[in-house]
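Participant: Let's see this in three dimensions:
(2 chains)
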Amino acid sequence: AQTVTQSQPEMSVQEAETVTLSCTYDTSESDYYLFWYKQPPSRQMILVIRQEAYKQQNATENRFSVNFQKAAKSFSLKISDSQLGDAAMYFCAFGHQAAGNKLTFGGGTRVLVKP
Amino acid sequence: DTGVSQDPRHKITKRGQNVTFRCDPISEHNRLYWYRQTLGQGPEFLTYFQNEAQLEKSRLLSDRFSAERPKGSFSTLEIQRTEQGDSAMYLCASSSAGNTIYFGEGSWLTVV
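Facilitator: Numbers count the residues shown, from 1 in each chain, chains lettered A, B, ... in the order given. Next comes the predicted model:
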């Protein structure tokens, strides 16, 4: 079974600064996908970024980027130039095709953005 | 295409009553997933469908929970004889072969 761990319950960042969220996972699979989802107070889960395990290049999406360390089973998210709208819960998630791509989520990290 | 749609968004029910939630996935998506999320926690997988086939239901929380997707389009999640511990957000999601899963806004259940 896969497990996903987010060790930071809450992170605070000043507007325009950078914050990094940690995520580690445990799996015996070799082909899988990792995701970061954002859940604002409205509660709809929104995809932020996705990483395929077979790709060595770290995914980027505008101000969001990941540091994927496959051997260490680590998948951190960096939010650059933080904006007030980035305030939300962020969830790291693991999925793989053999399990129908159903996702296993971490416990989440709340990001607070200070103006 | 307006994304994954869930109905109702909020439901308050008395303990012991049955409730049903509906999910309409993104139209071209053949996979549909149900998750449960309690306050302060990450979503917990319940079950999923590929077209009309329910491929995994072992994570449904008890035999009071059941899900259907009769024509491979919309799905329903029913909870019978609700208990206070069933109070949670029930999230539906869908995907195609592209693997990225898209979520609906969720159905919030309060059992009183």
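Participant: State the phi and psi torsions of the residue nearest to the spatial centre of chain A.
Facilitator: Among the residues of chain A, A:W36 comes closest to the average C-alpha position under Cα atoms, centre = their mean, at 3.1 Å. Backbone torsions for A:W36, taken as degrees, to the nearest 10, come to phi -120, psi 130.
Participant: now the end-to-end length of stretch B:80-89.
Facilitator: 16 Å (Cα to Cα, to the nearest Å).
Participant: Would you tell me whether stretch B:63-76 gets close to chain A?
Facilitator: No: for stretch B:63-76, no contact with chain A is found by Cβ under 8 Å from any Cβ of the partner chain; the gap never falls below 13.3 Å. (Each C-beta comes from the backbone N, C-alpha and C, glycine too.)
Participant: Can you tell me the closest non-neighbouring residue to the residue of chain A found nearest chain B?
Facilitator: Taking Cβ to the nearest Cβ, chain B has its nearest neighbour within chain A at A:F105, 3.3 Å off. Counting by Cβ to Cβ, 6 or more residues apart in numbering or on different chains, the nearest residue to A:F105 once its immediate chain neighbours are dropped is B:G42, at 3.3 Å.
Participant: and that neighbour, how many neighbours does it have?
Facilitator: Per other Cβ atoms under 10 Å in any protein chain shown, the neighbour tally for B:G42 reads 22.
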